[in-house]
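Here is a sequence with its predicted model. Questions after.
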Amino acid sequence: SSLIDKALYNLLKVQMRLGLFDPIDSQPYAHLGLSSINTQFHQNLALEAARQGITLLKNTNDTLPIRIDTIPRRMKIAAIGPHAKATTAMQGNYKGTAPFLISPVQGLESFGDVSYYHGCVDHVRCAQTTGFSEAVQGVSEADLVVVFLGIDQSIEGEERDRGDISLPGRQKDLMETIAREAAQHKKPCVLVVMGGGSLDLTFARYSLEIPSILWTGYPGQSGGQAIAEVIFGEVNPSGRLTQTLYPQSFVQHVSMGDMRMRSQGGYPGRGYRYYTGEVVYPFGHGLSYTSFAYQWVTRPPAELPRSAIETHLNRTQIASLSPTILSMEVEVQNLGARGG
């Protein structure tokens, strides 16, 4: 009964913070209606979230951003791959009904003339190479080649665990084929990866023919616009990986049924804090079109006693209302010519 009392105490405390026991006229959430959703503010917020969520994983020789003014005519863009025309796939799961969905192709059309090639006729599963040859032909006619690969809710999701973290089917083959053709024609080639879970991008990270990689996650209703803005430099990417991107060998060494966090014996551990094996890109990785210098102004202590945290938290039982335990200050300086 003590556990039930504690749970009820926490529940009622949150309800009181929300004002649910206040007079109805003073409750802000009681007056929300259809006019309060899908406003211009919300649409702008969705776009900004997509912009900030895009992570630049690789950018050899500053291939990105692409400069339109280097070509005296309207740029020709080849958009290739199963996610080039992604719409509902950009929403992932746990989604509402979007008022519109801007696909990557639609986003790119604001910057040039886009030719679309599916590459994988059976979408993300990409078990066939039937569409490869047409996509390869499109490379020579383009000024810029953008390949959209990844996974969707047919591959990952609730009750759909993955035992393979490689790109599905022949997606890797498609990317390598297109990148080789683009390199031969000296065309910039960008890989855009869409998905929620970790994917083994080892081949792309170390390929000399794939200069740039963008990780978008599931960017939502304005994802296509945000991707295009990053590619063409209207937005300086600021995203950081929210997870570790592992090599395929990870699934052989870490069993789904083994919940140990720390490494032990031949077991490499779990998560960015404890995993001791090799990774493709680490948690928190992300590049920018500029460079930064960081310097401590006020450095935090190396250790903080657990008792200090518990003492402060126990005063309110609510972390967000607890007194400040420690503070720190960092000075960040932009060393480049581009804002970011």
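Ah, there it is. Numbering: from 1, shown residues only.

From K172, how far off is the spatially most central residue of the chain?
Among the residues of the chain, G217 comes closest to the average C-alpha position under CA atoms, centre = their mean, at 3.2 Å. Distance of G217 to K172, computed by CB to CB, to the nearest Å: 20 Å. The way it works is simple: take the backbone N, C-alpha and C, and place the C-beta from them, glycine included.

got it, and R338?
For R338 relative to K172 (CB to CB), the value is 32 Å.

ok, those two, which is more surrounded?
Remark: of R338 and K172, K172 carries more neighbours, 18 against 12, as counted by other CB atoms under 10 Å.

How about the more buried one, nearest residue that isn't a chain neighbour?
Residue nearest to K172 in three dimensions, not counting chain neighbours: F203, with 5.9 Å by CB to CB, 6 or more residues apart in numbering.

Just give the number of residues close to E209.
By other CB under 10 Å, 16 other residues sit near E209.

need the helices for the stretch 151-300 of the chain, in chain order.
Using DSSP state H, counting those that start in this stretch, the helices of the stretch 151-300 of the chain run over residues 171-184, 202-206, 223-231, 250-253, 271-274.

among these, which is nearest G92?
G92 lies closest to helix 223-231 among those, at 10.3 Å (CB to CB).

check contacts around E229.
Contact analysis of E229 by CB atoms under 8 Å, 6 or more residues apart in numbering lists R51, G107, V235.

Roughly how far does it sit from P99?
Between E229 and P99 the computed distance is 20 Å (CB to CB).

Distance of the residue nearest to K172 relative to W296?
To W296, F203 is 38 Å away according to CB to CB.

try P168
Plainly put, P168 is 44 Å away from W296 if you go by CB to CB.

got it, and T202?
T202 is 34 Å from W296, by CB to CB.

Compare neighbour counts for the two and give me the winner.
Neighbour totals were compared for T202 and W296, and T202 leads with 19 against 10 (other CB under 10 Å).

give me every residue that touches that one.
Taking CB under 8 Å, 6+ apart as the test, what T202 contacts is P247, Q248, V280.

Grab the nearest non-local neighbour of the second one.
So the one you mean is Q248. Closest to Q248 by CB to CB, 6+ apart is D200, at 4.5 Å.

just to revisit the earlier point, using a markdown table, please lay out the contacts of T202 together with pLDDT, distance to A127 and neighbour count.
A markdown table is the format used below for the contacts of T202 (pLDDT from 0 to 100; distance: CB to CB, whole Å; neighbours: other CB atoms under 10 Å):
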| residue | pLDDT | distance to A127 | neighbour count |
| --- | --- | --- | --- |
| P247 | 97 | 23 | 18 |
| Q248 | 96 | 18 | 13 |
| V280 | 98 | 24 | 22 |
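
Among the residues you listed, which one lies nearest to Q221?
Closest approach to Q221 among the contacts of T202 (CB to CB): V280, at 29.0 Å.

Can you point out the buried residues in stretch 51-70?
Residues of stretch 51-70 classed as buried: R51, G53, I54, T55, L56, L57, K58, N59, T63, L64, P65, I66 (neighbour count, 16 or more other CB atoms under 10 Å).

Likewise for stretch 190-209?
Within stretch 190-209, the residues scored as buried using 16+ other CB under 10 Å are 190-196, 198-202, 204, 207, 209.

out of the residues you listed, what pair is the most spread apart?
G196 and E209 (27.0 Å).

looking at the chain, which helix or strand is least sure?
helix 306-314 (a mean of 79; mean pLDDT, DSSP states H and E).

helix or strand right after that helix?
Next in sequence after helix 306-314, counting helices and strands by DSSP states H and E, comes strand 329-334.

for that following strand, packing partners?
Here strand 329-334 is seen to pack against strand 292-298 when contacts are counted using 3 or more CB pairs under 8 Å, 6 or more residues apart in numbering; DSSP states H and E.

and the angle for the strand it packs on with strand 329-334?
160 degrees (axes from the mean of the first three to the mean of the last three CA atoms, to 10 degrees).

Contacts for strand 292-298, please.
Strand 292-298 has contacts (CB under 8 Å, 6+ apart) with S327, M328, E329, V330, E331, V332, Q333, N334, L335, G340.

give me the number of residues near A98?
A98: 17 neighbours (other CB under 10 Å).

again, but for L214
24.

got the contact list for C120?
Counting by CB under 8 Å, 6+ apart, C120 makes contact with G81, P82, C126, Q128, G131, G169, R170, Q171, L174.

Which among those count as buried?
Using 16+ other CB under 10 Å, the buried ones in these are G81, P82, C126, G131, G169, R170, Q171, L174.

ok, and the closest non-adjacent residue to the fifth one?
Right, G169. Nearest one to G169, counting by CB to CB, 6+ apart, is C126 at 3.5 Å.

how about the one you found, what does it touch?
So C126 contacts P82, G119, C120, L167, P168, G169, R170, Q171, L174 (CB under 8 Å, 6+ apart).

now those as a markdown table including pLDDT and distance to L8?
Formatted as a markdown table, these follow (pLDDT from 0 to 100; distance: CB to CB, whole Å):
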| residue | pLDDT | distance to L8 |
| --- | --- | --- |
| P82 | 98 | 49 |
| G119 | 97 | 56 |
| C120 | 97 | 53 |
| L167 | 98 | 48 |
| P168 | 98 | 47 |
| G169 | 98 | 51 |
| R170 | 98 | 55 |
| Q171 | 98 | 50 |
| L174 | 98 | 55 |
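
Before I go, just wanted to say thanks for your time.
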